[in-house]
Structure formats: structure tokens, C-alpha cells
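# A structural model of the following input is requested.
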Amino acid sequence: MVALVRGFRGLRGHVRVELLTDRPENRFPVGATLFLEGTDERLTIAEATPVADGRGWWLRFREIGDRSAAEERLRDRYLEIVQPDEPREEGRWLWHELIGLAVTSTRGEAMGTITDIYRAGGAEVFVVRGPRGEFDVPGVRGIVTELAPERGVMVVDLDSLALDARPVEDEDYVRPRDRRPRKQPKRRAGPPRPGAPETQPAAPGAPRDAAPEPGPDA
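Residues are numbered from 1 along each chain as shown. Predicted coordinates for the structure are as follows:
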């Protein structure tokens, strides 16, 4: 992943993107091709400039003729630089492949299932809903001890998670950085590497995103 579409400008289809890469000059040259995550839909960059009075970049694509098309096709969508059918690193998955996984603790307690995933502070965060209500599980080593989509399970260490100290159900609780788009993205989850700007950690043993290096530049 290299960007997330966050806003629009004018009538020609310009979109403001949140950067998920620390090398936008290299990722967004005019003529470069991006893909809507989870699809083979190509987007060719026609214009690319940093936002002058804020964060992010303005992009315009040759395939998007006007603002209406941009809002309909790109709103809250992730953009990546690798086609979804290209070979993937072993142990790396798309976000949608992790939705619905059963979550258990290292003690064998059933915690519920993964219902959503979002990025916060350079890491992927799994939203889990189950007997304890809804809670967030940062995809970092030490908390996620096992991620095994082939077996349909994720294992978390409750002691490291400190679940009792995370009042997600309280009205005053605010996620550290709730950036989940309205539409569930199909994003790759990668191995936990706290602090890596283009590779969002997801869980031990999970591969890096095809492009970035819990989750990446792909």
C-alpha cells in the first residue's frame, strides 16, 4: 500500500491521499501505475503534487475523468503498486483474508473473531469482537503470538495486551487513531516490525507487504 484516498478537489478528478509511504516522490511520478487494492484496475498518474497547506498529496489519474467518477470509484480506497495476482511472499496475506479469523488467547480462551482491521501509528490493528465485547489488538510481536489463516486462527497474549485496561466499550474511549475507511479494504498484512513506515506489522511469521519494507508499500 502506498496511499489511502481521503478527499477531493475541483472538477477534474483530483484526489487527496494520505501517504502510506515515506518515498512519495519515487512512488508518484507522472506516468506511474497504481492499482486499487484487491483489483487489477490500473490508475495512471497524470498529476502529482504535495498538499501545500496540509498533509498528503494531490493525485489525478488519466482513467478518472471528473470529480463524480473519482468520488464513486476512489472514495476511501487504498492504492497499491503491485497487482493482486502477482506472486506473494510466503506468509503474507490480504486484510480481507484475515477478517473472520477466530481469536484465542495463549491460555486457550476464545476471544471472538476479527471483524475489522485498520492502521494506527505504523502498525496494523485488529478489531476483535466476542464475549468480552469489542477490543483492539495491535499487530505487533509479543501481543500477536501466532497468525495462521490457513488454520483460521490468531493467538494473542492477554498479559501483553492488558485487555482489562482497554475500556473500548466505554463512551469516553477513543481509539488512538481510528482511520478505518467505510469500505473494508483488501490489504496485505505483514510481519510485525514496529516503527517501519512502509511495512505495517501484523503478526509474527506474517510476510511483509509486497512493496513496503504491518503492511508496506504494496
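# which helix in the chain has the most residues?
helix 67-74 (DSSP state H).
# what is the host helix or strand of residue 154 packed up against?
Assessed by DSSP states H and E, residue 154 sits inside strand 153-156. Counting contacts by 3 or more Cβ pairs under 8 Å, 6 or more residues apart in numbering; DSSP states H and E, strand 153-156 packs against strand 102-105, strand 144-148. Every residue, glycine included, has its C-beta placed from N, CA and C.
# CA atoms only: put whichever helix or strand comes after the first one into CSV for me.
If you walk from strand 102-105 toward the C-terminus, the next helix or strand you reach (DSSP H and E) is strand 110-120. Output in CSV follows, covering the C-alpha atoms of strand 110-120 (Å, rounded to 0.1, in the frame of the first residue of the first chain):
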residue,chain,number,x,y,z
ALA,A,110,-12.0,-18.0,23.0
MET,A,111,-11.8,-14.2,22.4
GLY,A,112,-14.1,-13.8,19.4
THR,A,113,-13.4,-13.1,15.7
ILE,A,114,-11.6,-10.4,13.7
THR,A,115,-14.2,-8.0,12.4
ASP,A,116,-12.1,-5.2,11.0
ILE,A,117,-8.5,-4.0,10.5
TYR,A,118,-7.1,-0.5,10.4
ARG,A,119,-3.7,1.2,10.6
ALA,A,120,-2.5,3.2,13.5
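# buried set for the longest helix of the chain?
Buried residues in helix 67-74, counting neighbours by 16 or more other Cβ atoms under 10 Å, are found at 67, 70, 73, 74.
# which residue is the nearest non-sequential neighbour of the second one?
Beyond its immediate neighbours in the sequence, the residue positioned closest to residue 70 (Cβ to Cβ, 6 or more residues apart in numbering) is residue 13, lying 4.2 Å away.
# the one you found: how many residues sit nearby?
24 (other Cβ atoms under 10 Å).
# equivalent analysis for residue 112, please.
Using other Cβ under 10 Å: residue 112 sits among 17 other residues.
# just list whatever residues bridge to the closest residue to it other than its chain neighbours.
Leaving aside its sequence neighbours, residue 112 sits nearest to residue 130 (Cβ to Cβ, 6+ apart; 1.8 Å). Note on residue 130: beta-bridge partners by DSSP bridges are residue 133.
# just to check, residue 130 is in contact with residue 114?
No: using Cβ atoms under 8 Å, residue 130 is not in contact with residue 114, being 9.9 Å away.
# okay, and the common contacts of those two?
residue 103 (Cβ atoms under 8 Å, 6 or more residues apart in numbering).
# number of nearby residues for residue 2?
Residue 2, neighbours per other Cβ under 10 Å, totals 28.
# pretty sure it sits against residue 81.
Yes: the pair residue 2 / residue 81 is scored as a contact, 5.6 Å apart, by Cβ under 8 Å.
# ok, now which ones touch the nearest residue to residue 100 once chain neighbours are set aside?
The shortest distance from residue 100 to any non-neighbouring residue, by Cβ to Cβ, 6+ apart, is to residue 113 (5.7 Å). Each residue near residue 113 by Cβ under 8 Å, 6+ apart is listed here: 100, 101, 102, 103, 128, 129, 130.
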